[in-house]
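Asker: everything below, folded, please.
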Amino acid sequence: MMDVNEIRQYLPHRYPFLLVDRVVELNLKESIVAYKNVTINEPYFNGHFPNHPVMPGVLIIEAMAQAAGILGFKTMDKTPEDGSIYYFVGSDKVRFKRPVVPGDRVQLEAKIVTEKRGIWKFDCKATVDGELACSATILCADRKV
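Answerer: Below is the predicted model:
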């Protein structure tokens, strides 16, 4: 549904911090399904960990937040070019269930729970081959740049 070129219109992130490769499903005001292909070429694998590469948990959370950000921007019909930025402002109920390693395709899902005064709450999860890797409630704030 959205390739990386269109994703870049809705997220201000760029390499090496753009963590969404494709959006495969988008229901405005409801949910998004996207994915991140994890390769050994990711810069963080040099140090996390050299002989046992594991994607850092904070980056899995960030990837979920980026997917949620796309959903929020698309729902509001805004882009960063409109002078709007979508800040990741919090996470609750974070749980990690399995490591993410090179070769994995991480499916990122976010569902809108609430939106009040520009603060959005999402239920998110990251899975690999149908197996839960991480879940969290993520908060984002829409602000003017």
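
Asker: now residue 6. Nearest residue, chain neighbours left out?
Answerer: Leaving aside its chain neighbours, residue 6 sits nearest to residue 23 (7.9 Å; criterion: CB to CB, 6 or more residues apart in numbering). Any C-beta I mention is one placed from the backbone N, CA and C, and that applies to glycine too.

Asker: do the same with residue 139
Answerer: In space, and not counting its chain neighbours, residue 139 is closest to residue 90: 3.9 Å by CB to CB, 6+ apart.

Asker: ok, back up a step: using the three-state scheme, assign the residue nearest to residue 6.
Answerer: Reduced to three states with DSSP: H, G, I helix; E, B strand; the rest coil, the structure at residue 23 is strand.

Asker: show me where the protein has its strands.
Answerer: 22-27, 31-37, 84-96, 105-116, 119-128, 131-144 (DSSP state E).

Asker: would a markdown table of the ones you listed with mean neighbour count be doable?
Answerer: Shown next, in a markdown table, are the strands of the chain (neighbours: other CB atoms under 10 Å):
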| stretch | mean neighbour count |
| --- | --- |
| strand 22-27 | 15 |
| strand 31-37 | 21 |
| strand 84-96 | 15 |
| strand 105-116 | 18 |
| strand 119-128 | 21 |
| strand 131-144 | 17 |
